[in-house]
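**Q** coords please:
(one chain, ligands or ions: 1)
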Amino acid sequence: MTWIECGPQHLDAIRGIFNEAIVNSTALYDYQPRSAEVMQAWWAAKQKGNHPVIGVVNDEGVLMGFASYGPFRHFPAYKYTVEHSVYVDSRFRGLGLGRQLLERIIQTAETNDFHAMIGVIDASNATSISLHERLGFERCGEMRQVGYKFGRWLDLVLYQKILSGPAAPIDG
Ligand SMILES: CC(C)(COP(=O)(O)OP(=O)(O)OC[C@H]1O[C@@H](n2cnc3c(N)ncnc32)[C@H](O)[C@@H]1OP(=O)(O)O)[C@@H](O)C(=O)NCCC(=O)NCCS
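**A** Below is the predicted model:
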């Protein structure tokens, strides 16, 4: 197993992992699987924002999971805050990879001098909620019935972790 920075060659595998979650769960509030074009735009936004996509591959070169972050909201004063995501291929869940990916994306955000990380989690996603709590995220909000999928209303819970940086934050 090898830890990597994902490149465009991993987009198909990332798309597969996203689409499994879209079709089978409420982890993502999409109805339709994402097209290759949507993933190209997703990748371009990561590149433009200089935001990481870290991954883990097995000895056969299969992407087992990935984690990333991007802007929380687009107004400039949110510049020290990121919203992250972590996804493990359904074939490799329950092996500790989600925990390691989340630990690594926290470390990456620390290294890049962000101050707050936000996890936006479907309220029924017990695994993700427990994972975030175990890694020191605190529940900071709940939004009821903001989604509708699979014939039912979906609640969101918000989790945040305050990081130590930056040493000298500035306006503007
Ligand atoms: C959430 C997800 C990333 C977790 O990854 P994973 O590799 O399966 O998780 P891990 O094996 O690292 O386990 C993480 C923790 O959750 C716990 N856990 C596992 N399954 C659980 C469950 N059904 N309910 C509660 N806790 C659970 C584990 O015990 C572990 O805790 P520990 O490290 O203290 O022992 C993975 O399930 C996934 O990709 N799900 C679909 C996409 C998704 O929901 N992403 C998050 C969106 S917010």
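
**Q** When you work out contacts or count neighbours from here on, use the C-alpha atoms and nothing else.
**A** Fine.

**Q** Write out the residues of the chain neighbouring the ligand.
**A** Contact residues (CA under 6 Å from any ligand atom) of the chain with the ligand: 21, 27, 85-88, 93-99, 120-121, 126-128, 130-131.

**Q** go again using 5 Å as the cut-off
**A** 27, 87-88, 93-99, 121, 126-128, 131 (CA under 5 Å from any ligand atom).

**Q** Among these, which lie within strands?
**A** Y87, V88, I121 (DSSP state E).

**Q** Neighbours of the second one, how many?
**A** Read that as V88. Residues lying near V88 (other CA atoms under 10 Å) number 25.

**Q** Begin at 690, not 1, for the rest of this chat.
**A** Sure thing, new numbering starts at 690, so read that last one as V777.

**Q** tell me the SS of the closest residue to it other than its chain neighbours?
**A** Distances taken as CA to CA, 6 or more residues apart in numbering put G754 closest to V777, at 4.0 Å, once the chain neighbours are dropped. Secondary structure for G754, judged by DSSP: H, G, I helix; E, B strand; the rest coil, is strand.
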